[in-house]
Every structure is written in C-alpha cells, then in structure tokens.
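1. from the sequence below, what's the structure:
(2 chains)
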Amino acid sequence: MRLRPVPEMGACLAYDPVRARLATLNPTAWLILSLCDGRPRETIAEHFAREIASLPGEPPEPGAFARGLARLAALGLVTIHPPRLDRRESPP
Amino acid sequence: MTPPFPNPVLGTPPKISVSITEACPSTCAHCYTGCASAPKPGVIAVREWRAILDGLADQGFIKVYFEGEEPFAKPGFLDLLEATAPRMTTLVRSKGAGIDARVADRLAAARLGRLLVDLMGEDAATHDAAAGRKGSFAAACRAIALAAERGIPADALVVLTRASAPRLNAILALAHRLGAARVGILRLYPLGRAKAIWEAIALPLAAQMQALAALAPSPGLKVMQSWHPRNQNCCWQAAALDAYGRIIGCQYLREYVDHGNIRDRDYLDAWANAPLYRMLRAGHVEKSCPDCAASQRSHGGCRSTAFAFHGRWDAPDPFDVTLNDGVDLAVLPDRLREHQPERAAAAGA
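-> Model (predicted):
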C-alpha cells in the first residue's frame, strides 16, 4: 500500500496495487489508518479518541471510529482479525 | 462574486497525464496531435520513461494517466505499465488497437486501474470513417469487452462533434452493452488537425447543450461531462508531459505552453517556479460561474478553451453557458487559423 497525503485538501490518497484501487481518505479515515499498526482494536480506538479530543473544531459523530474502520476494511486497506485473546488490527 | 477568483492551492501534484507516443494506427480527422503510424523522432523511449516515472513516484505522484495517441502502438509500453503499476495507479486511454485477449490478460495481471477507450460511433461504418481505419470500431469494442470481462474498470470516451451528437444515446447503449461502467463526453478542442476541419465538425454551444440534455443513459451507466454546471478550471491540480518530455500541465494546453522539458527540468521545479504554470494554477479569471464554482470548487472553467477563443489566460471559458458571452464555438477564431503550435513560453515568462 502506498499513501500520499494531500494535507492542503484535508485528505490522503491510499493506493493498493494488489486491488488496483486508489482511495481518497478523509481526515478521520486517514487518522484511523495511521493508527492501525497491529495493536488491539480497543487500544487503537482509545488512541483515536485522544487524538480527536486534542483537535480543534467539532468532534466527529459517535461511531465514527467504527464506521471508519469498517470502510478501511472494505477497501482492503486494513485487515480486522476475529476477536482472540490477542486481538489485533493490522494493515495487510 | 468579485474577481480575482482563486483556485484551490495544491502544494505538489499527486497525479500526472503522460502522452507516451505520437504514433497511432488510426488517422482520425480531428486528431489533436497530428499523429502518424510511425514513431516520430525525438519522442522519449520506454527505457527513459521508466526512469522518469520512477522519479515522479519518488516525488509523490501516485496516479498516472497514459494517453497517446495510441499507447499500445509504442513497443515496450506493456512492460512500462507493468513496472509502473506497483507504485502508481495506472489509467490508459486507447483506441483499442492491439488489445487482444493476451494483452488484456497482461493488463489484468499488471493491475491496470482503468482502461478508457474512444468510441466514435455506434457502428463500424461511422466509427471507422471517423478513425480513418477499417477495423478500428471492432478493436475499440473488443478492448472494452475484454477489459470488463477481466474486471478492469472500463470507460468509453466520446468527443462531442456534429457527427457524434445525434448518436450519443446509441453510443451510450453500446458502451453499456460492452461492459463499460462510465462514459465520458469530451469537448472538441481546437487543436491539431481539428483546426483544419473545425467548421465541419464543431457544434455551436446551444447544440452541444441540447445534445447533453437529451442523454438517456441506461441504469447503472454513469455519464461524465465537463459542461455547465460541471465546468472545472482544473489547472490548479493538473500535471502533464507530452511525448517529447515537455512539461505542459495539461494535454489540452499542448499548443500553448512549454514549462521546460523533463529531461533537464525537475517537474516540481517547473510546478513551483515556471511563471505561466504558476499563473494558470493560481486561476485568476475575469468571471466565474457560481454553479460551476460550487460543484467544482474552481473558477472560470477550462483555460485551454478560454485561451483558444479569447487569446487571454484569464478570459471566461466560452464552453460555459453562463460565461459564453456570445462566442460562436462553431467558428474557429482567426488567430488559431494562423497559430502554429510553437510553445508560448515567452508569453508567460
């Protein structure tokens, strides 16, 4: 996967060469993707909430993390592993 | 709104259009390049393109749109595509020449992002006559179908002319049957050979808008068009190279600008420092259409057609009904009849 931030547009382009897909991520999705580094889902969600709380402006709507993560998974940019003792979300 | 109307500002461009060759087996009467069947001297070879594209990927480009005239007419193009696709999403515009099942398999394996194929009619008689080559209709249809069968997103492209206008719905239906997900209706630009036959092929704006208003695409087929209210001034994000390596910003500016050559000028240096490029990207225009500005987040419409018909970079785009100012698009301006495609670097330097 290749990421191309476009901060002046408030977006990040994500290219998946396996699926030949170029996705445009809004800031919320971009943040979630950047946090998906193999840590457990709950840890990532907590980190996301802390990051959002430190930003100016209106907070995202409730459920933004779950929706954003689901969209990233649908795009194939992250893989959500089934819950286990050591639950993890990790990029492919 | 009070001028100047600035465009969005982009630090560096993430995508680029590359005209990979000026060779093409077709001899379209309206060809913007004046292409020939044989490669022209001075065009960049595939080996050199590979290094250029690697360098562009290193600089943050993430999408490349290959066009031609006919990319598949360039020996080694498939190899170039296969080398590029791992780093950048790839799109290719083609007339379908040379795309058979074997080539389509390679395109699928290379993970081509999208194939765009020109259709010039809904039947062989019309299309082949426009393309100047028997068999070109069959090649175009085959290319769309082969791509769609392999899961490669395929678009059809149609240039709006006097000949194509009454056939648009039939062409849309054909594209849908072949498996195209989208059809792009493109403006006719006064470039290349099109200038010599302009009055025979160009439509007045009212007729163009009538043709667009009459479009009836099949359910599920998306139609793209850049007339009002979707007229974008896309110079703010545009990056393009011609087949000789000239940095031109947009393929439709090929006869008007020259920001240097990629062989001896870094693209991002031209982006940041070439005076005319900076001016075009800044997007200061005399007038802005509020509807187009709202939908496209840019002002004034296409700079190529504005410059072509008015001779000024900040002029309004006459292809926009709200900015037309009485310009007859079916009549080629006298200045273009004498215009030679020398680069206008001095005009903006």
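
2. residue numbers of chain B in contact with chain A?
-> B:8-11, B:14, B:60, B:62-63, B:85-90, B:111-113, B:152 (C-beta under 8 Å from any C-beta of the partner chain). C-beta coordinates here come from the backbone N, C-alpha and C atoms, glycine included.

3. state the helix or strand in which A:Trp30 lies.
-> Using DSSP states H and E, the element containing A:Trp30 is helix A:27-35.

4. distance check, B:Ala154 against chain A.
-> 13 Å (C-beta to the nearest C-beta, to the nearest Å).

5. where exactly do the strands run in the stretch 101-250 of chain B?
-> Along the stretch 101-250 of chain B, the segments classed as strands by DSSP state E, counting those that start in this stretch run B:114-118, B:154-159, B:182-186, B:222-225, B:240-241.

6. closest to A:Pro17 out of the ones you listed?
-> strand B:114-118 (13.9 Å; C-beta to C-beta).

7. convert that closest one to CSV, retaining C-alpha atoms only.
-> This file holds the C-alpha atoms of strand B:114-118, laid out as CSV (Å, rounded to 0.1, in the frame of the first residue of the first chain):
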residue,chain,number,x,y,z
ARG,B,114,-8.8,1.8,-15.6
LEU,B,115,-8.9,1.5,-19.4
LEU,B,116,-10.6,4.3,-21.3
VAL,B,117,-11.5,3.6,-24.9
ASP,B,118,-12.6,6.1,-27.6
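
8. state the mean pLDDT of it.
-> Averaged across strand B:114-118, the pLDDT comes to 98.

9. next one: stretch B:312-331
-> 96.

10. now do it: distance from first to last residue.
-> End-to-end span of stretch B:312-331 (C-alpha to C-alpha, to the nearest Å): 18 Å.

11. what's that stretch in contact with?
-> For stretch B:312-331, contacts defined as C-beta atoms under 8 Å, 6 or more residues apart in numbering or on different chains pick out B:187, B:198-199, B:202-205, B:208-209, B:226-228, B:231, B:233, B:276, B:279-280, B:284-287, B:289, B:291-292, B:300-303, B:305-307, B:309-310, B:348.

12. out of the strands of the stretch 101-250 of chain B, nearest to B:Cys141?
-> Judging the strands of the stretch 101-250 of chain B by C-beta to C-beta, what sits closest to B:Cys141 is strand B:114-118, at 8.4 Å.

13. which strands or helices does that closest one pack on?
-> strand B:89-94, helix B:136-149, strand B:154-159 (3 or more C-beta pairs under 8 Å, 6 or more residues apart in numbering or on different chains; DSSP states H and E).

14. nearest to B:Gly249, out of the ones you listed?
-> Using C-beta to C-beta, those put strand B:89-94 closest to B:Gly249, at 17.5 Å.

15. and the closest one, which strands flank it?
-> The strands beside strand B:89-94 in its sheet (DSSP bridges) come out as strand B:63-67 (parallel), strand B:114-118 (parallel).

16. and the pLDDT for the most centrally placed residue in chain B?
-> In chain B, the centroid-proximal residue (C-alpha atoms, centre = their mean) is B:Gln251; its distance is 5.9 Å. For B:Gln251, the model assigns a pLDDT of 96.

17. with B:Ala129 instead?
-> pLDDT, read off for B:Ala129, is 94.

18. so what's it closest to, chain neighbours aside?
-> B:Gly121 (7.6 Å; C-beta to C-beta, 6 or more residues apart in numbering or on different chains).

19. how about B:Asn233?
-> Using C-beta to C-beta, 6+ apart, the nearest residue to B:Asn233 is B:Ser298, at 4.1 Å.

20. which residues in the chain form helices?
-> In the absence of a named chain, this looks at chain A. A:27-35, A:41-53, A:64-74 (DSSP state H).

21. correction: the question concerned chain B.
-> Remark: helices assigned in chain B by DSSP H are B:46-58, B:77-84, B:101-109, B:124-131, B:136-149, B:168-178, B:198-201, B:205-213, B:267-273, B:275-282, B:290-296, B:303-310, B:334-338, B:345-348.

22. right, so the ones you listed: which one is the most enclosed?
-> Highest mean neighbour count among the helices of chain B (mean count of other C-beta atoms under 10 Å in any protein chain shown): helix B:303-310, with a mean of 24.

23. quick one, that helix and helix B:275-282 angle?
-> Per axes from the mean of the first three to the mean of the last three C-alpha atoms, to 10 degrees, the angle that helix B:303-310 makes with helix B:275-282 is 110 degrees.

24. any idea how far helix B:303-310 is from the chain center?
-> Relative to the chain's own centre, helix B:303-310 is displaced by 15 Å; criterion: C-alpha atoms, centre = their mean, to the nearest Å.

25. can you name every helix or strand that that helix contacts?
-> Secondary elements touching helix B:303-310 (3+ C-beta pairs under 8 Å, 6+ apart): none.

26. contacts for it?
-> B:187, B:189-190, B:233, B:235, B:250, B:252-253, B:256, B:280, B:285, B:300, B:312-319, B:327, B:329, B:333, B:336.

27. can you say which of those are buried?
-> B:187, B:189-190, B:233, B:235, B:250, B:252-253, B:256, B:280, B:285, B:300, B:313-319, B:327, B:329, B:333 (16 or more other C-beta atoms under 10 Å in any protein chain shown).

28. near chain B, which residues of chain A?
-> Residues of chain A lying near chain B (C-beta under 8 Å from any C-beta): A:2, A:4, A:6-9, A:13, A:15, A:17-22.

29. 7 Å instead, please
-> With C-beta under 7 Å from any C-beta of the partner chain as the criterion, chain A meets chain B at residues A:Arg2, A:Arg4, A:Val6, A:Glu8, A:Leu13, A:Tyr15, A:Pro17, A:Val18, A:Ala20, A:Leu22.

30. and for the residue nearest to B:Ala129, the neighbour number?
-> Summarising burial for B:Gly121: neighbours were counted as other C-beta atoms under 10 Å in any protein chain shown, giving 22.

31. generate JSON lines for the helices of chain A, with mean neighbour count as supplementary columns.
-> Formatted as JSON lines, these follow (neighbours: other C-beta atoms under 10 Å in any protein chain shown):
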{"stretch": "helix A:27-35", "mean neighbour count": "20"}
{"stretch": "helix A:41-53", "mean neighbour count": "15"}
{"stretch": "helix A:64-74", "mean neighbour count": "17"}
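
32. turn these into a markdown table, columns for mean pLDDT.
-> Formatted as a markdown table, the helices of chain A follow (pLDDT from 0 to 100):
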| stretch | mean pLDDT |
| --- | --- |
| helix A:27-35 | 93 |
| helix A:41-53 | 91 |
| helix A:64-74 | 92 |
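
33. nearest to B:Leu241, of these?
-> Among those, helix A:27-35 sits nearest to B:Leu241 (C-beta to C-beta), with 29.1 Å.

34. for that closest one, packing partners?
-> Applying 3 or more C-beta pairs under 7 Å, 6 or more residues apart in numbering or on different chains; DSSP states H and E, one finds that helix A:27-35 contacts helix A:41-53, helix A:64-74.
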